[in-house]
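In: structure of the sequence below:
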Amino acid sequence: MKNPIVQFRESRGWTRVQLCQITGIPYDNLYAVERGLLRKVPVKVLQVLAALNAPADMPQRYLDWRAGLSRVKTAH
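Out: Numbers count the residues shown, from 1 in each chain. Down below sits the predicted model:
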């Protein structure tokens, strides 16, 4: 399962740097979200994604993906 935010970004053909330039989201923030380092997606990131027509259920998709990531880590 791939991070839904990465999927969204890649579906638009954007690199991480390009998305940061388009949205003003700091690279470190986007990197942390895409790597699953944050428990929740920051509100600013969600607002920007919504403005770019990301699915409304993106926060829940992220939480589901992150929960799956935790299960994989503990299974090793």
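In: okay, Arg71: pLDDT?
Out: For Arg71, the model assigns a pLDDT of 66.
In: now do the one 5 residues further on
Out: According to the prediction, His76 has pLDDT 53.
In: before we move on, what about Lys44?
Out: On the pLDDT scale, Lys44 gets 89.
In: could you list the low-pLDDT ranges of this protein?
Out: Within the chain, the ranges that satisfy pLDDT under 70 run 70-76.
In: same thing but 50
Out: Within the chain, no stretch falls below the threshold (pLDDT under 50).
In: mind listing the helices for it?
Out: All helices of the chain, identified by DSSP state H, fall at 4-11, 16-23, 27-35, 43-51, 58-75.
In: ranking these by burial, who's on top?
Out: Comparing the helices of the chain by mean neighbour count (mean count of other Cβ atoms under 10 Å), helix 4-11 ranks first with a mean of 17. For the C-beta atoms, the positions are set from N, CA and C on the backbone; glycine is no exception.
In: could you check the angle that helix makes with helix 43-51?
Out: Orientation check (axes from the mean of the first three to the mean of the last three Cα atoms, to 10 degrees): helix 4-11 against helix 43-51 gives 40 degrees.
In: list of residues touching helix 4-11?
Out: 16, 19, 33-34, 41, 45, 49, 52, 54-55, 58, 61-62, 65 (Cβ atoms under 8 Å, 6 or more residues apart in numbering).
In: what is the nearest of those to Tyr27?
Out: Tyr27 has its nearest neighbour among the contacts of helix 4-11 in Arg16, at 6.8 Å by Cβ to Cβ.
In: in this structure that closest one contacts Asn29, no?
Out: No - judged on Cβ atoms under 8 Å, Arg16 makes no contact with Asn29 at a distance of 10.7 Å.
In: which ones are touching the nearest residue to Arg16 once chain neighbours are set aside?
Out: Nearest non-adjacent residue to Arg16, counting by Cβ to Cβ, 6 or more residues apart in numbering: Leu30, 5.7 Å away. Leu30 makes contact with Arg16, Leu19, Cys20, Val45, according to Cβ under 8 Å, 6+ apart.
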